[in-house]
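A.B. asks: Kindly return the folded structure for what I paste below:
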Amino acid sequence: MRTALTSGIERLLAHQPESLSPDPQAAASLVMATVDGLIIQWLLDPQQVPSGQLIADTLQRTAKLATVNFRPISRV
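C.D. replies: Numbers count the residues shown, from 1 in each chain. Purely as a prediction, here's the structure:
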């Protein structure tokens, strides 16, 4: 699954400047960790898991905030 997700992210980022693009493997790991965490929350207390719409909205707002003070980092 990680390989397929990484490939998909690479395709999405193909035309972006490298300095603005996240590392595809790290991005895939972040997505997988988020999904795993939401699944665990749902298993433990399904009533407390935010809706998909709320999660998507929060992610979009967070991404907008991140661009306000964005400074590219060097890749290691």
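
A.B. asks: What is the subsequent helix or strand relative to whatever helix or strand residue 30 lives in?
C.D. replies: Taking DSSP states H and E as the definition, one finds residue 30 inside helix 24-44. In the C-terminal direction, the helix or strand that comes right after helix 24-44 (DSSP H and E) is helix 52-68.

A.B. asks: Could you pull up the mean pLDDT of that next one?
C.D. replies: On average, the pLDDT along helix 52-68 is 87.

A.B. asks: center of this structure, which residue is that?
C.D. replies: residue 31 (4.6 Å; Cα atoms, centre = their mean).

A.B. asks: so who does it touch?
C.D. replies: With contacts defined as Cβ atoms under 8 Å, 6 or more residues apart in numbering, the neighbours of residue 31 are 5, 9. Any C-beta I mention is one placed from the backbone N, CA and C, and that applies to glycine too.

A.B. asks: Tell me the pLDDT of it.
C.D. replies: The model reports residue 31 with a pLDDT of 92.

A.B. asks: ditto for residue 12
C.D. replies: 90.

A.B. asks: next one: the one 3 residues further on
C.D. replies: We have a pLDDT of 87 for residue 15.

A.B. asks: now swap in residue 22 and tell me
C.D. replies: At residue 22, the pLDDT value in this model is 87.

A.B. asks: pretty sure residue 41 contacts residue 49?
C.D. replies: Yes: taking contacts as Cβ atoms under 8 Å, residue 41 lies within contact range of residue 49: 4.9 Å.

A.B. asks: between those two, who's got more neighbours?
C.D. replies: With other Cβ atoms under 10 Å as the criterion, residue 41 and residue 49 differ in neighbour count, and residue 49 comes out ahead with 17 against 13.
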